[in-house]
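>>> what shape does this take:
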Amino acid sequence: MTRRSTRRAALAALGGPLLGLGAGVAADAATPPAAASFALIGDVPYGEGEETKFGRVIEAINASHAAGGVRLVVHTGDVKRGRERCDDALLRRRFEIFQRLAPPFVITPGDNDWSDCHRARAGRHLPTERLAAFRRIFYPRPGLSGGRHPMRVLPQGGSPSSVPAHDAFVENQLWDLAGTTMATLHVVGSGNGLEPWAGLGGGDRLDRPRPDRMAEFAAREAAALAWLDTTFAVARERHSAGVVVAMQANPRLERRADSVARRGFNRVLERLAAHTRAFGKPVLLAHGDTHTFRFDKPLRSPTQRIGLPALPNLSRVENFGSPHVHWVEVRVDPASPEVFSAVPHYLLANLLPF
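I've put the predicted structure just below:
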């Protein structure tokens, strides 16, 4: 399937019954869709000790949803701390916790969930085997989100928009909300998975990498680039008021393009920047990884140091993360010039040291 036919297939899938939570903005629409909001979480729960705190987050989100507030939940990955074992039993336990969410629940994998599982404390697993397990557990029905009231989503893998090389990527998903196009993108921390699998032995190093590690990275990066192309093609076709791209990694926008920290993210950032500039309307990058709530415009001013253009229409929101177990409400108002805004929700009980 060619790239153009792939995009046509994705658009055809979106053009049928409503996908997600709110139709895209039609070209001849008299008024934009009503505003809506979604909950952004990630990097939680880290260990059994945080499950109680995370339960309070679930209760708060469910209460907002019941009152007509948040329409869905996006988790940017890391359902466990790095030193927890990556066994199936733990992944299933965390999945069942997320299934207590009343609104639809969408997740993109994090590095703790699979790529760091080579580490001794995590069980010395082969990361690619753990990625297959994470997909099996967290995406049991590709095309449907999680949560007590799932919604339809368009997955990259196994959908009309898929090419054989991308069939496995059920975690890259697409849907709409309040006249905007939203997508998850499998881009993880640990340098986007380029950290050597040193826990497995065999001398895997940055300058002498394991072939299977590099093959996994190449395949996942190619899928991510193609999914960015599809996402923005859909947004343009549907005359969306804005685009949200959610991924796990903090892609180190402030670092030099030639730094080790940026090496695994450069092609994705370059493609995202090109689409953002061409789209011209608000784009929101949502990520986790560094556990610090922020809502800013990281590329407001041009700089040659980081190798990316000035993009005043790109905003960035990062969710809270362990030990800060709270949640962020991202408001989507297609009638607003900025479209996206973010409100942190702190839970008093989770601020207490007991």
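
>>> now the helices for the protein?
Ranges of helices in the chain, per DSSP state H, are 3-14, 51-66, 88-98, 127-138, 189-193, 211-237, 266-279, 348-351.

>>> most packed of those helices?
Burial of the helices of the chain is given as mean neighbour count (mean count of other CB atoms under 10 Å); helix 189-193 ranks first at a mean of 24. All C-beta spots, glycine's among them, are computed from the backbone N, C-alpha and C.

>>> pretty sure residue 262 contacts residue 254?
No - using CB atoms under 8 Å, residue 262 is not in contact with residue 254; the gap is 9.4 Å.

>>> so between those two, which is more surrounded?
residue 262 (21 against 14; other CB atoms under 10 Å).

>>> that older thread, so which of the helices of the chain comes closest to residue 317?
Taking CB to CB, helix 266-279 is the member of the helices of the chain nearest to residue 317, at 14.6 Å.

>>> which residue is the nearest non-sequential neighbour of residue 345?
Spatial nearest neighbour of residue 345, chain neighbours left out: residue 327 (5.1 Å); criterion: CB to CB, 6 or more residues apart in numbering.

>>> what pLDDT does the model give residue 136?
What the model reports as pLDDT for residue 136 is 97.

>>> okay, now the unreliable bits of this protein?
1-19, 21-30, 159-162, 302-304, 353-354 (pLDDT under 70).

>>> quick one: the strands in it?
Ranges of strands in the chain, per DSSP state E, are 20-21, 36-41, 73-75, 105-107, 154-155, 173-177, 180-184, 243-247, 283-287, 294-296, 314-318, 327-332, 340-345.

>>> buried sites along the second one?
The neighbour-count check on strand 36-41 (16 or more other CB atoms under 10 Å) flags 36, 37, 38, 39, 40, 41 as buried.

>>> give the bridge partners for the fifth one, please.
Going by DSSP bridges, residue 40 is paired in beta bridges with residue 74, residue 328.

>>> neighbours around the closest residue to residue 231 other than its chain neighbours, how many?
Among residues not flanking residue 231 along the chain, residue 183 sits closest, at 4.3 Å (CB to CB, 6+ apart). If you count neighbours by other CB under 10 Å, residue 183 ends up with 26.

>>> was I right about residue 183 contacting residue 246?
Yes - using CB under 8 Å, residue 183 is in contact with residue 246, at 7.2 Å.

>>> what is in contact with residue 262 and residue 254 at once?
Shared contacts of residue 262 and residue 254 (CB atoms under 8 Å, 6 or more residues apart in numbering): residue 306.

>>> can you tell me how far the residue nearest to residue 231 is from residue 169?
12 Å (CB to CB, to the nearest Å).

>>> please apply the same query to residue 246.
To residue 169, residue 246 is 15 Å away according to CB to CB.

>>> for residue 230, same thing?
As defined by CB to CB, residue 230 lies at a distance of 11 Å from residue 169.

>>> quick one on the thing from earlier: out of the strands of the chain, which is closest to residue 59?
Among those, the nearest to residue 59 by CB to CB is strand 327-332 (10.8 Å).

>>> contact partners of the closest one?
For strand 327-332, contacts defined as CB under 8 Å, 6+ apart pick out 35-41, 57, 60-61, 64, 69-70, 177-180, 242, 244, 284, 286, 293, 317, 319-320, 339-345, 347.

>>> between the two ends of stretch 329-349, how far is it?
This stretch, stretch 329-349, spans 18 Å end to end (CA to CA, to the nearest Å).

>>> buried set for that stretch?
Within stretch 329-349, the residues that count as buried by 16+ other CB under 10 Å are 329, 330, 331, 332, 333, 334, 339, 340, 341, 342, 344, 347.

>>> ok, which pair from these is furthest apart?
Maximum distance among those (CB to CB): 29.5 Å, for 334 and 347.

>>> could you count how many residues lie near residue 207?
Neighbours around residue 207, by other CB under 10 Å: 5.

>>> touching, residue 325 and residue 43? I think so.
No - at 9.4 Å, residue 325 does not count as touching residue 43 under the criterion of CB under 8 Å.

>>> re earlier: which residues are in contact with each of residue 230 and residue 169?
Residues touching both residue 230 and residue 169 (CB under 8 Å, 6+ apart): residue 156.

>>> residue 133 is in contact with residue 89, isn't it?
No - in this structure residue 133 lies outside contact range of residue 89 using CB under 8 Å: 10.8 Å.
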